[in-house]
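Enquirer: what follows is a predicted structure for the sequence shown.
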Amino acid sequence: MTEIISVRFRTGGKQYYFDPLGQRVEEGQAVIVETGKGLEYGTCVRGNTAIDDGAVVQPLRPLVRLATEKDEKQVRDNRRREKEAMRICQQLIERHGLEMKLVQVEYSFDASKIIFFFTSDGRVDFRALVKDLAGILRARIELRQIGVRDEARMLGGFGICGKPFCCAQFLGEFQPVSIKMAKTQNLSLNPTKISGTCGRLMCCLKYEQDAYEDAVKRCPKQESFVECPDGVGTVASVNLLKEQVKVKLEDSTEQPRNYLTSEIRVVRSGKGKRPEDYVAPPASELEKLRDPQAEAARTGRRVEGPGDLSAVLERYLGEQPQQEEPKKAKAHARRRSGGAKEGKEPKTVKSSSQPAAPAQEKPARQERPAARALRQAAARSEPSPVEEQPAAPAAPASGASHRRHWRPRRRKSGGGQAQA
């Protein structure tokens with residue numbers, strides 16, 4: 001194991017390992033390290049860490065010291081000089097008429113060397129420009145041509161996702177990106193949609209490529225001949241993210257149906273003719289391919305499974321005893337049920353064609369003590385049994401009239417009034 005510290009010299013740049021020489025360095029501290037170009041100022045992005053010897057390129061450059069206030073002042077002066085050197089170089093480029101775009105100027109820590117980064121479509125003869133810069137700035141001059149991706153990393157910015165460039169934040173090295181990745185991920189091949197600000201394919205296409213390649217292995221190819229729960233047909237399209245396919249059935253004129261990859265069985269992969277000796281299996285065998293959960297998602301019906309919490313909740317609530325209803329609710333229920341009280345059957349209307357059911361004897365009502373005492377006292381005070389009352393007149397025969405006959409009134413003599 002080897003103890004190292006990781007140092008980065010500019011924002012979004014590559015990390016380099018250095019030997020701390022037993023000195024403790026915390027993350028975020030500024031350090032002065034020895035490089036092939038001399039002393040350089042950088043920032044520690046990972047403190048003292050022990051890693052395998054195979055991950056280190058020997059020999060390791062040593063750590064010189066932690067940055068002091070004097071070193072910080074030197075760095076601020078270099079940043080001010082970089083702006084002045086960039087303005088001078090831009091003027092000389094216009095004077096010499098060179099087809100190049102100046103991107104950034106970088107001073108070494110001891111200001112003995114100045115590096116000018118530029119982009120250009122082709123080769124540029126800048127020998128006269130280097131002589132003029134060396135005579136004005138009195139330092140060693142180096143012009144370095146870079147690509148558009150390195151330019152985007154140095155300048156920074158925001159991508160179409162709304163976040164800062166990945167290359168300016170955490171990408172140490174650029175990964176190769178091809179148009180085949182966009183095809184595998186079923187993305188639009190419009191260059192404006194899959195290209196970054198630098199004009200090249202977006203680096204994030206590489207992030208999910210492994211996941212898509214793994215999904216391609218599990219999904220059938222387009223136009224494959226497959227068996228599905230509803231019959232046999234041809235794959236019309238493939239959705240790699242959901243791992244679903246649309247199958248055009250042979251014996252159906254409807255639109256292609258969606259199936260999971262676990263519900264189909266590939267007979268012929270890719271384009272080609274239907275196998276001549278192929279015989280479709282019976283419908284009962286194809287029905288075994290159907291996934292209950294996938295069918296519930298298509299039809300909108302819920303299938304109860306061992307992990308269905310909603311079904312468990314319904315069973316639990318069904319086993320709980322019902323709480324007593326309030327009085328108002330009970331009265332409302334009695335009115336709706338025809339006036340029957342709780343525990344009794346509702347009243348039914350007797351039909352004339354059916355014999356009436358025998359009346360049930362009602363339980364005797366318990367007599368109050370005061371009423372019982374009055375009844376007993378009245379019984380003791382009776383002198384003799386009650387005399388027999390005369391019988392009531394018989395009811396008139398059926399058809400007899402009970403109406404009184406009308407008689408005309410007589411007139412009195414000398415008076416104008418009628419007498420009944």
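Expert: Ah, there it is. Given the structure is predicted, the values throughout are model-derived calculations rather than measurements. Numbering: from 1, shown residues only.

Enquirer: and for Arg24, the neighbour number?
Expert: For Arg24, the neighbour count with other Cβ atoms under 10 Å is 10. C-beta here means a position set from N, CA and C on the backbone, and glycine is covered the same way.

Enquirer: please tell me I have it right and it contacts Cys44.
Expert: No: Arg24 is not in contact with Cys44 according to Cβ atoms under 8 Å; the separation is 10.8 Å.

Enquirer: which other helices and strands contact the longest strand along the chain?
Expert: The single longest strand within the chain, with elements called by DSSP state E, is strand 38-51. Other elements packing on strand 38-51 under the criterion 3 or more Cβ pairs under 8 Å, 6 or more residues apart in numbering; DSSP states H and E are strand 2-8, strand 15-19, strand 30-35, helix 69-96.

Enquirer: quick one: the helix or strand following that strand to strand 30-35, angle?
Expert: Counting by DSSP states H and E, the next helix or strand C-terminal to strand 38-51 is strand 61-66. Angle of strand 61-66 versus strand 30-35, following axes from the mean of the first three to the mean of the last three Cα atoms, to 10 degrees, is 150 degrees.

Enquirer: got a list of contacts for strand 61-66?
Expert: Strand 61-66 is touched from outside by 5, 16, 18-21, 23, 25, 29-35, 39, with contacts defined as Cβ atoms under 8 Å, 6 or more residues apart in numbering.

Enquirer: repeat for stretch 226-237
Expert: Under the contact criterion Cβ under 8 Å, 6+ apart, stretch 226-237 has outside partners 220-225, 245-252, 256-257, 259, 263-267, 280-281, 283, 286-287, 289-290.

Enquirer: likewise stretch 132-149?
Expert: The contact list for stretch 132-149, computed with Cβ under 8 Å, 6+ apart, reads 85, 88-89, 92, 100, 103, 111-120, 124, 126, 129-130, 154, 167, 174, 198-200.

Enquirer: can we see that at 7 Å?
Expert: Residues outside stretch 132-149 that contact it (Cβ atoms under 7 Å, 6 or more residues apart in numbering): 85, 88-89, 92, 103, 111-120, 126, 130, 167, 174, 198-200.

Enquirer: so which of the contacts of strand 61-66 is the most crowded?
Expert: Among the contacts of strand 61-66, the one with the most neighbours (other Cβ under 10 Å) is Ile5, at 28 neighbours.

Enquirer: these two touch, right, that residue and Phe18?
Expert: Yes: using Cβ atoms under 7 Å, Ile5 is in contact with Phe18, at 5.5 Å.

Enquirer: give the contact list for Tyr17.
Expert: Ile4, Ser6, Val56, Leu60.

Enquirer: where does Cys219 fall, phi/psi-wise?
Expert: The phi/psi pair for Cys219 (degrees, to the nearest 10) reads phi -100, psi 150.
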